[in-house]
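> Sequence and predicted structure, then a few things I'm wondering about:
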Amino acid sequence: MNTFRKLVTGVSSGTTPVSRLKFYGSRLAQEAATRKIATVLMIGLLIFQVAVFLFPPTSARANQCSENNIIRPCGITDTSNQGVLNALKGPDNAIQLMNQLGVTDSDVLNGTPNQTVCKGQNPLSMGREAGSGGSWLFPGHTDIYVGPASSRWQQECFSAELLGNKVRGSDIGTGDPNQWYQVGILYACGNLVFIPTSPPSKSIACTSLEAAPLAVDVNQPIKLTGRASGQNIPNGELVDMSYLVYRGTNPSVNTTPLVTKLESKGIPWNGTEFIDDNPPKQFQTDQPDTYTILLAVGYNNNGAPALAPGSGVNECQKVVTVKQPAQPTIVCQNLSIAPTTLAGGQPLSNLTGTAQLKNSNDPNELADMSFIFREKQADGSFTEVPDAKGKSRLEAAGLQPSGTGIYTAVKPSSGDSNDTFFMPTSTQQKTYQVFLRIYWRGHQTVSDAFSVPACQKEITVPPVQNFACSSLKANPTSGSAPLDVNFDAAGIATNTTVSAFKFDYGDGQNQTVNTNQPTARAVHKYTKGGRYTASVIMQTAAGTTSVVPVCQAVVTVNESDFAKIAANITLLTSDRQPTDANGAVARAGDQLRYTIGVQNKGGDVIRGFVFDDDITDILVYADVVDPGGAQAVKQGATTKLVWAPIDIPVGTSSSPGTVTKQFTVKLKDPIPFVAQKTTDLPGTNDCQLTNTFRSKVVVTPLGVDINKQIECVTKQLPQTGAGWSIVIMAMLAAASFFLLLRNRLLKRELQLVETLTEGA
């Protein structure tokens, strides 16, 4: 704008040549062309962005890749050993296929990369084919099919990584177990390639010798099982296994074995990694001693007999012990008691002793068990003492062994109190012991448990514990529902620890207060009326107290229900009964009868209850014609009907415990149409009678003309003035006027330029 003004001024004064004016016109034309080009480019850019969003570019290389590659798409791009391994472990999970061919991660990492595999090497290839049903090389897969490498490769040279692994033709689906192939991985497509190669050298080794059992009695058999392992062993290869038995633990001392013909000859290899001698051989002797058994594995090594590495050493050597059978004996095995901590005067609830008969299966080997009660002395020794009932021993006689040679005695075995131990009482903590002694009748011997800790068990008897609940107090003891009552409980506990107070509030509700103090406080809300007897018991480590009167408290809860109804006794039903005035329109001159009531639903007698009803709102439109025995009492602007005090009994199943009062009013005729004012009491002059008695509300609409109805219903009129509309219209008008003046100014300046340049 400033440039335009200077140009006009210069032309008018003659200081600016006409050529400058032409330049300005040309510049305006160029700017218009530039704006057009920029607009076209912006629209083109927008169209291009939309096209890119709707049709994103795809990789050209991806379109050239085949879907029959082992690794999709496009084979392997990172041809390092680690890159090839990462590709195998990618989304296609081709590592499963490699594992089935015996290829491990280390084989891939140690392979020879960037090797050339050509057509002249007669390789076979294995790729992925579309289809369903899975593959024998991918069990359980239904999305791909990897078939056998059954034909020669007809393509030219490719780069690949060659592994040291060799596989049989039968492993890759050719059916020829005698032809071996070296495994390779093609980079371009990720397929597998197999190059014909010589078979790997075979190897056989002695793996292990199993001898069971390693310790037996004389003339008892020992089963011997040999195992050999091998690699690259053709099916049907024969293996010999010989077992050499020597006396002692050093075979080099006794060079002549005791048994030389304990062997299995010509065991055929079945193509697995291991081969076992089955059925096992057996060795037994009547000479007790220690014996060393060696396993020797022999095979045919290119026409010459050979001894497999590992024969007779390490895992292929076992030492067994042959001994004379032991003499029968009986030993204490275990003593169990329950519980291990018991209060004075309490019985042992479970006392079980067991002993084991060894080296004998005679069911007539009878034994007796004695459970001996002893007290621990200050020096740590134990002395036999009587229990609380005067017993120091419990006897279990004539026990027979079970099928496994175990004697078992349980006390108490009956309901007789003489069949168990009772703990003595004391003011101090005591430690007692139950000691198990076994008498073996058949051999006239006694087996004590002095050397068997499992047959000596201790019981701890704490000092005598005294505990009792002493009081339960409620505050308040009476009131109206809902009523919150505080309960304070107290008790005494000697030689024991308080753990909790359990409150029973008498209304079906319970509460446990966990505490280690002899006092506890709880708060309970009674929501129903009635007389409730609350109680509490105290729980300690020694037990719980019983409920006694001193730990009870009586709480009286009063509950009242209020009612309020209104009936139009002028407008009657078809059977000549008053209609319900609550929510129903009443007309001028109608008489309304109000009933208020109180029901005592529980607790105690409500004494001196005063009925009072606020009729201030009613008197705006009606007059009281029958107060029902009440007195009208004015308190400022409020008028109430008040009845004399009355007692309300507690309701029962036969008597509801309800007292009612009634009064009657008559609507004025005509109904006054007094306009509502801000100084009115809330709810007055509102076209309805509203009466409330103890939160119970009755509302009766009045039949008034339409003008009064509008006043009562509509509380605020809508904003219908010009307001913001005028402001907005003024702003738009000012903007329009400004643009008009600016347009006229530009037009005038153009006319002036035209006049100044005439004849130039």
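In hand now; what should we look at?
> switch to C-alpha atoms for all contacts and neighbour counts from now on
Fine.
> quick check, distance from stretch 623-636 to the centre of its chain.
Counting by C-alpha atoms, centre = their mean, to the nearest Å, stretch 623-636 is centred 69 Å from the centre of its parent chain.
> now stretch 170-187
On the basis of C-alpha atoms, centre = their mean, stretch 170-187 is displaced by 50 Å from the centre of the chain it belongs to.
> Residues in contact with that stretch: which ones?
With C-alpha atoms under 8 Å, 6 or more residues apart in numbering as the test, stretch 170-187 has contacts from 75-77, 79, 101, 147-150, 158-169, 191-199.
> Kindly report the same for stretch 99-117.
By C-alpha under 8 Å, 6+ apart, stretch 99-117 touches 79-82, 84-85, 98, 123, 137, 157-165, 167, 171.
> what about stretch 394-414, average pLDDT?
Mean per-residue pLDDT for stretch 394-414: 89.
> ChimeraX command to pick out the buried ones of the contacts of stretch 170-187?
Burial among these is assessed by 16 or more other C-alpha atoms under 10 Å; the matching ChimeraX selection reads:
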select :75,76,79,101,147,148,149,159,160,161,162,163,165,166,167,168,169,191,192,193,194,195,196,197
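> Filter the contacts of stretch 99-117 down to the ones in helices?
If you go by DSSP state H, those have 81, 82, 84, 85, 98 in helices.
> low-confidence ranges in the stretch 151-300 of the chain?
151-152, 252-257, 259-261 (pLDDT under 70).
> A strand includes residue 457, no?
Yes: judged by DSSP: H, G, I helix; E, B strand; the rest coil, residue 457 forms part of a strand.
> Verify the stated contact: it with residue 433.
Yes: the criterion here is C-alpha atoms under 8 Å, and residue 457 meets it with residue 433 at 5.6 Å.
> Between the two, tell me which one has more neighbours.
Per other C-alpha atoms under 10 Å, whichever of residue 457 and residue 433 has more neighbours is residue 433, with 21 against 17.
> With adjacent residues omitted, what lies nearest to the more buried one?
What sits nearest to residue 433 in space, not counting adjacent residues and going by C-alpha to C-alpha, 6 or more residues apart in numbering, is residue 458, at 4.3 Å.
> show me the contacts for the one you found.
Contacts of residue 458 by C-alpha under 8 Å, 6+ apart are 340, 431, 432, 433, 434.
> Contact partners for residue 531?
Here residue 531 is in contact with 554, 555, 556, 557, 602, 603, 604 (C-alpha under 8 Å, 6+ apart).
> Quickly list what the second one is bridged to.
I take that to be residue 555. residue 532 (DSSP bridges).
> residues near it, how many?
23.
> right, and it touches residue 478 too?
Yes: look at residue 555 against residue 478 with C-alpha under 8 Å: they come within range, at 5.6 Å.
> Residue 432 - nearest residue in space that isn't next to it in sequence?
Per C-alpha to C-alpha, 6+ apart, closest to residue 432 is residue 375, 4.4 Å.
> Could you do residue 402 as well?
residue 363 (7.5 Å).
> quick one: what helix or strand has that neighbour in it?
For residue 363, there is no host helix or strand (DSSP states H and E).
> In contact with it: list those residues for me.
Applying C-alpha under 8 Å, 6+ apart, we find residue 363 in contact with 400, 401, 402, 403.
> will you turn those residues into CSV that also has distance to residue 178?
CSV is the format used below for these (distance: C-alpha to C-alpha, whole Å):
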residue, distance to residue 178
400, 68
401, 65
402, 62
403, 59
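> Show me which of the residues you listed are buried.
400, 401.
> Next, count neighbours for the residue nearest to residue 510 when sequence neighbours are not counted.
The spatial neighbour of residue 510 that comes closest, neighbours along the chain excluded (C-alpha to C-alpha, 6+ apart), is residue 504 at 4.7 Å. Counted with other C-alpha under 10 Å, residues neighbouring residue 504 total 17.
> and residue 504, what are its bridge partners?
Residues in beta-bridge contact with residue 504 (DSSP bridges): residue 510, residue 535.
> residue contacts, it?
Contacts of residue 504 by C-alpha under 8 Å, 6+ apart are 510, 511, 534, 535, 536.
> Now do the phi/psi pair for the closest residue to residue 207 other than its chain neighbours.
What sits nearest to residue 207 in space, not counting adjacent residues and going by C-alpha to C-alpha, 6+ apart, is residue 228, at 4.9 Å. Main-chain torsions, residue 228, degrees, to the nearest 10: phi -120, psi 150.
> and residue 228, how far is that from residue 240?
10 Å (C-alpha to C-alpha, to the nearest Å).
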